[in-house]
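Asker: turn this into a structure:
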Amino acid sequence: MPLNKVFLQGNLTREPELKYLPKGTAVVNLSIASNRKWKTESGEMKEDVYFGEAKAFGVMAENINKFFTKGSPILIEGRLSREEWEDKQTGTKRSATRIIVESFQFVGDTKKGGGASQESAPRQQRDSSPPKPNATAGDLPPDDDVPF
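Answerer: Have a look, this model is predicted:
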């Protein structure tokens, strides 16, 4: 049986971009940088950065947009998806691999600025209800019953 599962932990490299599809479904695009450090056999320290593009849908998309800003740490779980399109200016075929987010977690202490907090995310009005630590699409209530 094939397996397509991705876990990626890193920081958002830009503000989440929330849009709505024609039928009203929310979709958020986000970019995550994940750093890796290691020591070579000679003792030299090396660092590599992976930049990943991800997409989330529905209530999960709205919650990511609400609670995360550029620089916020996040852990996402999802699957890889290849998107193909034709460039409108040149007519050439283009493609990209993205992570379709199936669940996410807050990383770090949100009260001390290690994660997304109400103070670090001023784009929208916040209330005092804390977010769930492990939010998944199945755990979140319908749109009109979101507790935060």
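Asker: show me the strands in this structure, by range?
Answerer: 6-12, 17-20, 26-39, 45-57, 73-86, 93-106, 134-136 (DSSP state E).
Asker: tell me the mean pLDDT over the last one?
Answerer: Just to be clear, that refers to strand 134-136. Per-residue pLDDT values over strand 134-136 give a mean of 47.
Asker: how about the fourth one?
Answerer: Across strand 45-57, pLDDT averages out at 96.
Asker: which strand residues bridge the residue positioned nearest the centre of the chain?
Answerer: In the chain, the residue lying closest to the centroid (Cα atoms, centre = their mean) is L30, at 5.1 Å. Assessed by DSSP bridges, L30 has beta-bridge partners A54.
Asker: i'd like the first residue to be 198 from this point on
Answerer: Okay, using 198 as the starting number, the last item reads as L227.
Asker: which residues touch it?
Answerer: Contact analysis of L227 by Cβ atoms under 8 Å, 6 or more residues apart in numbering lists L209, R211, P213, E214, E250, A251, K252, A253, I261, F265, I271. The way it works is simple: take the backbone N, C-alpha and C, and place the C-beta from them, glycine included.
Asker: where does the first one land on pLDDT?
Answerer: Right, the one you point to is L209. The model reports L209 with a pLDDT of 97.
Asker: how many other residues sit next to it?
Answerer: Here the count is done by other Cβ atoms under 10 Å, and L209 has 20 residues near it.
Asker: that one reaches F264, doesn't it?
Answerer: No - judged on Cβ atoms under 8 Å, L209 makes no contact with F264 at a distance of 11.0 Å.
Asker: now the residue lying closest to K202 once chain neighbours are set aside: how far from E299?
Answerer: Residue nearest to K202 in three dimensions, not counting chain neighbours: R276, with 6.4 Å by Cβ to Cβ, 6 or more residues apart in numbering. Look at R276 and E299: by Cβ to Cβ, to the nearest Å, they are 7 Å apart.
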